[in-house]
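> here is the input, now give the coordinates:
(2 chains)
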Protein chains: 2
Amino acid sequence: MSSKPSIPKGTRDFSPVEMIRRDHIFNAIRQVFRLYGYQPIETPAMENLSTLLGKYGEEGDKLLFRILNSGDFMSDITEGELIQRESGKLSAKICEKGLRYDLTVPFARYVVQHQNEIVFPFKRYQIQPVWRADRPQKGRYREFFQCDVDVVGSDSILNEVELIQIIDEVFSRLGLSAIIKLNNRKLLSGIAEYAGTDKVTDVSTALDKFDKIGWEKVKEELIGKNIQEEVVNEFFNVVGVERMNNEQKVSFLNSILLNSEVGKKGLLEITNLLLLLKNLSLKSQIVLDLTLARGLNYYTGAIIEVKSADVSIGSICGGGRYDNLTGIFGLTGVSGVGVSFGADRIYDVMSTLNLFSDEMAHTSAAMIVNFGAAEIYYALKILDELHRNGISAEIYPEPAKMKKQMAYADSRKIPFVVLAGEDEIKSGEVTIKSMGSGEQKRISIGKLSGFILNF
Amino acid sequence: MSSKPSIPKGTRDFSPVEMIRRDHIFNAIRQVFRLYGYQPIETPAMENLSTLLGKYGEEGDKLLFRILNSGDFMSDITEGELIQRESGKLSAKICEKGLRYDLTVPFARYVVQHQNEIVFPFKRYQIQPVWRADRPQKGRYREFFQCDVDVVGSDSILNEVELIQIIDEVFSRLGLSAIIKLNNRKLLSGIAEYAGTDKVTDVSTALDKFDKIGWEKVKEELIGKNIQEEVVNEFFNVVGVERMNNEQKVSFLNSILLNSEVGKKGLLEITNLLLLLKNLSLKSQIVLDLTLARGLNYYTGAIIEVKSADVSIGSICGGGRYDNLTGIFGLTGVSGVGVSFGADRIYDVMSTLNLFSDEMAHTSAAMIVNFGAAEIYYALKILDELHRNGISAEIYPEPAKMKKQMAYADSRKIPFVVLAGEDEIKSGEVTIKSMGSGEQKRISIGKLSGFILNF
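You can find the predicted model right below:
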């Protein structure tokens, strides 16, 4: 093989520096999830296709990565089927498994499969990669990471409050200013009713694209779905009340949703939620955004979406309440609510804002210079001393030229280099050199760890 | 859908309790890797099949999970090819990608692909799942986790020393007694030469099965490969010197490998390694085991394998030196050495020995009882107070009957329940109940965190 090897398009290798920055994000998220009493689970990368198919719409089915059956995968296929060459039909025969597309459907499957072992309300988090055969482009990958946090088995609005506290705390720990947008699917239904249509799904799906394609295109799409132009206009008059603050929007909705049962329910939910949130000292801005729809049809109550206040990049976290997610697997009456953090976008926002500190780059705090076979036992003793004190450290493996060893410490951004030749060994000391200032100092081996820890 | 959903055979869901125990293992491993200056990387779940094929032998190729090409995967196939129905040929046409089979080949690919960004010697670790279409059985899964640690770009024996220190430290932190078995591929070559054969690969492959199938079957296999019976016997006479200790084995080998260049090299390496190890205060037992071969043909020097001293379960960690791993991707002259920890087997050993402490089971330290809308603001204040002090805590989301809320705290193994009704609110206090002893106590809200932290 002569050309350099490569990886499939839309996938990524993560270098040490990237890993350490990503871990910083994952750890902040994980710590906050745990602080609020959520428990971790993991599910397999592969699910049965019967679990995945039909859950993400027709488009989603096409974006599933399918895994070829092992062994003689052709044995069950007739000649007729072969010659018809229908990719769709054939793939169903030669593939039984697929890679997970998100963490929500595997979670619903998990809850139903393990319902007898689970204590409800079940508060779980899950941080794992997902795979989609989307066309790769800037910021969109075929393998990317989701951090989901959900509670199922409780329809209390306190769960929504808690999730918003979690969002607020995560972004505050990461140093990001967040705008948390809220809406409620029942409000959208009420507004649609007020405007004169019952096609809430069409309306939500179209509304979801507003950010990308603008009002005019959304209107066109709705009119194309046989909703009258006056109805569409009326709907947009209500959801487009941009200049009002949250309270003004609520009281405006109060005045127009008098006759809509579902609308009044939605209004009660959002009023309660805003009231509870007002009493907390959140750092994020909370915005009632009636244009927020998040295309997913399984939302039945609260809709949540988070944007960075400083970088325009789409949503960095989102979710909502779904009253019947586990219903698709035969378990009804389990209401849930959850949000998903997009680790990759959060990474991009933090990079743009230079929020990763430089010290995240290195791992070892000290490198011990290798002088050769005679000095190696003393070097190993120093290493042991440092490790016992929890200081990450390494010996340069070869007795190479000093310049080469120093160049290694330098490019690894190791802050301290420890030298111990014949002289130092005789007196039970070491010479420690700070790579930043170039200063060096001779101290006893027993004082070395303290020196590094107190620097 | 009426029947309960399931997951593909050989895969697993991990429940919260399992996750917390597994994290305990991964964290111990990760912390030790970092202590020794190793840096994390991750590679994608999917690799190009051209990267994976031919790297694991014919058997391995069959065990790769292949991913069906997206879109119209049939378009490039002629009718003739279809009707021939050759699964092997066809799968090559309809699948370009596969799931990674181990972490070693992706690492070699990574090193070659990113050689210009890497500082050598490159010390990396990688903790990720791998997938094999093996027949599932007890303790063998189709998705399992490997924790690999390697250093490439240095042929110093100090790297082997460091890896053995890492192994020793990891198992010591996990509370496991480990037996670290060592051998050297060059020694095996020398012994084969002494016995009179140059078929070292056949010998190693057969020897690797000794644990499972015994001497007699191994002999049969070798004789079947046209190695003379006397040669096989002579070989086994040497490697089977079980009753000798490490020093005796070394001096015995010294006496018979006088005329083998490769054997003398191996002897020098193993002597150096044992000498350096002897000076360290390792807790694990170090055994020179001449029967150790680890079928993998890419090993060229040290061979390492670790067993639990208390549970008979096969190897829990293993690896060795490979002088030309990156050669398969066109980069020669990069020697490397590494080991892989088998997280799933380590989990099984720790379960068998009851090494997981009970407190690993719960996540929240306190649950605040929900008395309803009037008391909820006070409850949220308590929650905030606990969270600020880093205490994981939650409010029961519904104002349910006390019995139900208590049952939840009990089954979640939450050690403290906090009650704050009308009375407590008036006096700025809370009642804290220890779920273990049943005792309860009234204290001011300001003293709550201290009480829990000092318990």
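> mind listing what's buried along stretch A:89-108?
Burial within stretch A:89-108, assessed by neighbour count using 16 or more other C-beta atoms under 10 Å in any protein chain shown, is assigned to A:90-91, A:94-108. Yep, even glycine has a C-beta here, placed from its N, CA and C like the rest.
> out of the residues you listed, who's near chain B?
A:Leu90, A:Ser91, A:Ile94, A:Cys95, A:Glu96, A:Lys97, A:Leu99 (C-beta under 8 Å from any C-beta of the partner chain).
> which residues sit in contact with the second one?
Contacts of A:Ser91 were listed using C-beta atoms under 8 Å, 6 or more residues apart in numbering or on different chains, and they are A:Arg66, B:Leu68, B:Phe73.
> how about the helices in the stretch 201-350 of chain A?
Listed in chain order, the helices of the stretch 201-350 of chain A (DSSP state H, counting those that start in this stretch) span A:210-224, A:229-239, A:246-256, A:261-278, A:343-352.
> output the ones you listed as TSV; include the columns distance to A:Ala293.
Supplementary listing: the helices of the stretch 201-350 of chain A in TSV, determined by distance: least, C-beta to C-beta, whole Å:
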stretch	distance to A:Ala293
helix A:210-224	8
helix A:229-239	9
helix A:246-256	16
helix A:261-278	13
helix A:343-352	19
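> quick one: which of those is nearest chain B?
Closest of the helices of the stretch 201-350 of chain A to chain B is helix A:261-278, at 7.4 Å (criterion: C-beta to the nearest C-beta).
> lowest-pLDDT helix or strand in chain A?
helix A:79-84 (a mean of 76; mean pLDDT, DSSP states H and E).
> quick one: low-confidence parts of chain A?
Screening chain A residue by residue with the criterion pLDDT under 70, one finds the ranges A:1-2, A:295-296, A:359-362.
> I'd guessed A:Arg442 sits against A:Lys426; true?
No - contact status for A:Arg442 versus A:Lys426: not in contact, 12.0 Å apart, counting by C-beta atoms under 8 Å.
> looking at those two, which is more packed in?
Between A:Arg442 and A:Lys426, A:Arg442 has the larger neighbour count (other C-beta atoms under 10 Å in any protein chain shown), namely 12 against 8.
> before we move on, the earlier item: can you list which of the contacts of A:Ser91 are found in strands?
Among these, the members falling in strands are A:Arg66, B:Leu68 (criterion: DSSP state E).
> and the ones next to chain B among the buried residues of stretch A:89-108, which is closest to B:Asn233?
Using C-beta to C-beta, A:Lys97 comes nearest to B:Asn233 of these, at 48.5 Å.
> close to chain B: what parts of the stretch 201-350 of chain A are there?
Applying C-beta under 8 Å from any C-beta, one finds that the stretch 201-350 of chain A approaches chain B through A:Leu276, A:Asn279, A:Leu280, A:Ser281, A:Ile328, A:Phe329, A:Gly330.
> okay if I get the helices of the stretch 201-350 of chain A as JSON lines plus mean neighbour count?
As requested, the helices of the stretch 201-350 of chain A are arranged in JSON lines below (neighbours: other C-beta atoms under 10 Å in any protein chain shown):
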{"stretch": "helix A:210-224", "mean neighbour count": "14"}
{"stretch": "helix A:229-239", "mean neighbour count": "17"}
{"stretch": "helix A:246-256", "mean neighbour count": "15"}
{"stretch": "helix A:261-278", "mean neighbour count": "18"}
{"stretch": "helix A:343-352", "mean neighbour count": "19"}
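> residues contacting A:Phe120?
A:Val152, A:Gly153, A:Ser154, A:Val334.
> A helix includes it, no?
No - A:Phe120: not assigned to a helix; according to DSSP: H, G, I helix; E, B strand; the rest coil it is coil.
> distance of the residue nearest to A:Pro136 when sequence neighbours are not counted from B:Ile256?
Using C-beta to C-beta, 6 or more residues apart in numbering or on different chains and skipping residues adjacent in sequence, the residue nearest A:Pro136 is A:Gly10, 3.4 Å away. With the distance defined as C-beta to C-beta, to the nearest Å, A:Gly10 ends up 56 Å from B:Ile256.
> where does A:Lys441 land in three-state SS?
On the basis of three-state DSSP, A:Lys441 is classed as strand.
> give me the element the closest residue to it other than its chain neighbours is part of.
Of all residues not flanking A:Lys441 in the chain, A:Ile432 sits nearest, at 5.6 Å (C-beta to C-beta, 6+ apart). Following DSSP states H and E, one finds A:Ile432 within strand A:429-434.
> show me the helices in the stretch 351-455 of chain A, by range?
Taking DSSP H, counting those that start in this stretch as the criterion, the stretch 351-455 of chain A contains helices spanning A:376-388, A:402-411, A:422-427, A:448-453.
> need the ones you listed in JSON lines (columns: distance to B:Arg321).
As requested, the helices of the stretch 351-455 of chain A are arranged in JSON lines below (distance: least, C-beta to C-beta, whole Å):
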{"stretch": "helix A:376-388", "distance to B:Arg321": "19"}
{"stretch": "helix A:402-411", "distance to B:Arg321": "21"}
{"stretch": "helix A:422-427", "distance to B:Arg321": "29"}
{"stretch": "helix A:448-453", "distance to B:Arg321": "31"}
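> between those helices, which one is closest to chain B.
Set against chain B and scored by C-beta to the nearest C-beta, these come closest in helix A:402-411, at 4.6 Å.
> residues in contact with that closest one?
Around helix A:402-411, the neighbours that count as contacts under C-beta under 8 Å, 6+ apart are A:Met367, A:Val369, A:Asn370, A:Tyr396, A:Val417, A:Met435, B:Val119, B:Pro121.
> closest one to A:Leu53 out of the residues you listed, please.
The shortest distance between A:Leu53 and any of the contacts of helix A:402-411, using C-beta to C-beta, involves B:Val119 and amounts to 46.4 Å.
> so how many other residues sit close to the residue nearest to that closest one when sequence neighbours are not counted?
In space, B:Val119 comes closest to A:Ser411 once its chain neighbours are excluded; the distance is 4.6 Å by C-beta to C-beta, 6+ apart. The tally of other residues near A:Ser411 (other C-beta under 10 Å) stands at 11.
> and A:Ala373, how many neighbours does it have?
Taking other C-beta under 10 Å as the criterion, the count of residues near A:Ala373 is 10.
> any idea how far it lies from A:Glu422?
Shown here: A:Ala373 relative to A:Glu422, a distance of 13 Å by C-beta to C-beta.
> which residue does the stretch 201-350 of chain A bring closest to chain B?
Checked against chain B (C-beta to the nearest C-beta), the nearest residue in the stretch 201-350 of chain A is A:Phe329, 4.8 Å away.
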